[in-house]
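In: got a sequence here, can you model it:
(3 chains)
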Amino acid sequence: MKPDLPVDVFLPGGPDRFRSLLLSWFDRDKRLLPWRKNRSLYGTWISEVMLQQTTVTVVVPYWEKFMATFPDVHALAAAEPDEVLSLWSGLGYYRRARQLHQAAREVVSGALGKLPDNREGWLDLPGVGPYASGAIASIGLGIRVPALDSNARRVLTRWVVSEASVLDDLRPSHLERIGALVVDPERPGDWNEAVMELGALICRASSPRCEACPVRSLCRAGGNETADLIPAPRIPSGKTRVRLGLLVLAWRDRIMLMPPASGSVVVPAGSGAPVRPDVSGLHVGLWGLPSTPWLPDLHRGRDIWPGSIWRPWLESLPGVERLPGGNDPVLLGSFRHAITRYRLVVQVYGLRLPSNVFLDRKDVFQMTISRPEGGISVSKGGKQGTLAGTGFYRWPSTKQPVSKLVNKSLVIAANSIV
DNA sequence: TACCCGTGGTC
DNA sequence: TGACCAAGGGT
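Out: You can find the predicted model right below:
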């Protein structure tokens, strides 16, 4: 793998044959995805951002709802940040939503006044990097540029490298060059999609289906039956074990949420007071359940977060000096969850406050969830609305009852806490 | 450069 | 249950 080797050594079988086989397969076997019908530049942009590190099946419903709510860049730019985040709730990587919204506003208020018509223009927008700018320019604008995501890198690497021992010789710059050379001049967008589709369906990271591959006859790794060794596996990074408690504080027909950390949270930090669930940049801009701080899980299996730790804070609320059943939340259960580099053990506590306690203190809780028929609505700063206008962090749904308590069934939790 | 940022599916 | 990974970008 030397950079001065002839092109046909870099491109086994030659680019024309490779393109022809792959595009024919793509035309026949490509998935019918919502953003592939009635293509638009805007819709392509939204899909590319949502698909970053996120699987297709997860993205589909989010994309459809997003497009229905914000059908064009003007609608998106005119939205409140909270509305955009709410449509992202559950999708993860929430910075994408904030940057998408910011980019829309830059587009609308910028000199151009419309979406960029070249790759460089896209690259200037927040949240659009080397890959996404190439994908949008080729798929949405028909410009002949590569779009090298992890799928494409894997496909190209296996195509040109037969064994793991020479992987070190294939530098990133070589891969970039190969990627740029091989883009189909007539159908650049279809080409980039085809390479990614092959990587997603056939040339998978684990257990590649070489027997079903349309370009197997040209593929060095496939021919050598070494595809599962290429490219080299990444070095895993360690997970930090963390334990935390969540408080489901029910009052009347409501569950308490705390406002985004960027807002004015008057609850004093320190002993006993609930905090926002975000830690060092996680869940920025989202509302969330009151939480204990995240602390190292040094005592596995032990209940080191008794619900009583919130007692001082609870007793500071008006009318909560002494509750009939005591001021200590009860442990409802626990679940495990992983967020990027953290492995969490989450213990969920519940406490129902008597309905005659007055809790409409905007300086403590700025939003609560209530439960009308047909959905969840919120009161926020005294105004009624629906949850489809407020982003909040949803803990992952599992089949465990406890997890349901803190997710889509917050309503149930409100009624189940006695 | 190596981290950091979420979530859900798969084996 | 846990490791791996998916249409990456920002710092």
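
In: the one residue in the stretch 51-200 of chain A that gets nearest to DNA strand C: what's it in contact with?
Out: Per C-beta to the nearest atom of the strand, A:Gly129 is where the stretch 51-200 of chain A lies closest to DNA strand C, at 2.6 Å. From N, CA and C alone the C-beta is placed, and that goes for glycine too. Applying C-beta atoms under 8 Å, 6 or more residues apart in numbering to A:Gly129 gives the contacts A:Leu123.

In: do A:Val183 as well
Out: Shown in contact with A:Val183 (C-beta under 8 Å, 6+ apart): A:Ser138, A:Arg144, A:Val145, A:Pro146, A:Trp191, A:Asn192.

In: in the stretch 51-200 of chain A, which spans are helices?
Out: A:56-69, A:73-78, A:81-88, A:95-109, A:119-123, A:130-135, A:141, A:150-160, A:172-182, A:188-201 (DSSP state H, counting those that start in this stretch).

In: for DNA strand B, which of these is the nearest?
Out: Closest to DNA strand B of these is helix A:56-69 (C-beta to the nearest atom of the strand; 5.1 Å).

In: as a whole number, average confidence for that closest one?
Out: Averaging pLDDT along helix A:56-69 yields 95.

In: repeat that for stretch A:102-112.
Out: For stretch A:102-112, the per-residue pLDDT averages 94.

In: got the contact list for that stretch?
Out: Under C-beta under 8 Å, 6+ apart, the answer for stretch A:102-112 is A:73-74, A:76-77, A:113-116, A:121, A:125-128.

In: apply 6 Å and report the result again.
Out: Stretch A:102-112 has contacts (C-beta atoms under 6 Å, 6 or more residues apart in numbering) with A:Val73, A:His74, A:Leu76, A:Ala77, A:Leu115, A:Leu125, A:Pro126, A:Gly127.

In: could those residues go into TSV alongside distance to DNA strand C, pLDDT and neighbour count?
Out: Below are the contacts of stretch A:102-112 laid out as TSV (distance: C-beta to the nearest atom of the strand, whole Å; pLDDT from 0 to 100; neighbours: other C-beta atoms under 10 Å):
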residue	distance to DNA strand C	pLDDT	neighbour count
A:Val73	17	98	20
A:His74	22	97	15
A:Leu76	17	97	23
A:Ala77	17	97	17
A:Leu115	16	98	22
A:Leu125	7	97	23
A:Pro126	5	97	14
A:Gly127	5	97	19
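
In: check contacts around whichever residue of the stretch 101-250 of chain A sits closest to DNA strand B.
Out: Residue nearest to DNA strand B within the stretch 101-250 of chain A: A:Ser237 (5.6 Å; C-beta to the nearest atom of the strand). With contact set as C-beta under 6 Å, 6+ apart, A:Ser237 has no partners.

In: give me the neighbour count for the residue in the stretch 151-300 of chain A positioned nearest to DNA strand B.
Out: Proximity of the stretch 151-300 of chain A to DNA strand B (C-beta to the nearest atom of the strand) peaks at A:Leu282, 3.4 Å away. A:Leu282: 17 surrounding residues under other C-beta atoms under 10 Å.

In: three-state assignment of it?
Out: coil (DSSP: H, G, I helix; E, B strand; the rest coil).

In: so it versus A:Tyr393, what's the distance?
Out: Separation of A:Leu282 from A:Tyr393 (C-beta to C-beta, to the nearest Å): 9 Å.

In: likewise A:Leu170?
Out: For A:Leu170, the distance to A:Tyr393 - C-beta to C-beta - is 41 Å.

In: point me to the residue of the stretch 251-400 of chain A nearest DNA strand C.
Out: For the stretch 251-400 of chain A, C-beta to the nearest atom of the strand, closest residue to DNA strand C: A:Arg336, 6.3 Å.

In: distance check, the residue of the stretch 151-300 of chain A closest to DNA strand B against A:Val248.
Out: Using C-beta to C-beta, A:Leu282 is found at 20 Å from A:Val248.

In: sketch out the low-pLDDT regions of the stretch 251-400 of chain A for me.
Out: Counting by pLDDT under 70, the ranges of the stretch 251-400 of chain A that qualify are A:252-255, A:259-281, A:296-307, A:318-319, A:323-325, A:358-392, A:395-400.

In: switch to 50 and redo it
Out: Within the stretch 251-400 of chain A, the segments meeting pLDDT under 50 span A:262-272, A:277-279, A:361-389, A:397-400.

In: and it, which residues reach DNA strand C?
Out: Neighbours of DNA strand C within the stretch 251-400 of chain A, by C-beta under 7 Å from any atom of the strand: A:Arg336.

In: look up phi and psi at the spatially most central residue of chain A.
Out: Note on chain A: the residue nearest the mean C-alpha position is A:Gly92, at 2.6 Å, using C-alpha atoms, centre = their mean. Dihedral pair for A:Gly92: phi 90, psi 170, per degrees, to the nearest 10.

In: the spatially closest residue to it that is not a sequence neighbour - how many residues pack around it?
Out: Of all residues not flanking A:Gly92 in the chain, A:Thr54 sits nearest, at 6.8 Å (C-beta to C-beta, 6 or more residues apart in numbering). For A:Thr54, the count of nearby residues is 15 (other C-beta under 10 Å).

In: so what's the closest residue to A:Trp122 other than its chain neighbours up against?
Out: Nearest residue to A:Trp122, sequence neighbours excluded (C-beta to C-beta, 6+ apart): A:Ser133, at 4.2 Å. Each residue near A:Ser133 by C-beta under 6 Å, 6+ apart is listed here: A:Arg119, A:Trp122, A:Leu123.

In: surely the first one meets A:Val145?
Out: Yes. Using C-beta atoms under 6 Å, A:Arg119 makes contact with A:Val145 at a distance of 5.4 Å.

In: mutual contacts of the two, please.
Out: Common contacts of A:Arg119 and A:Val145, defined by C-beta under 6 Å, 6+ apart, comprise A:Ala137.

In: can you give me the strands in chain A?
Out: Listed in chain order, the strands found in chain A under DSSP state E are A:240-251, A:254-257, A:295-296, A:330-339, A:342-353, A:367-370, A:377-380, A:383-386.
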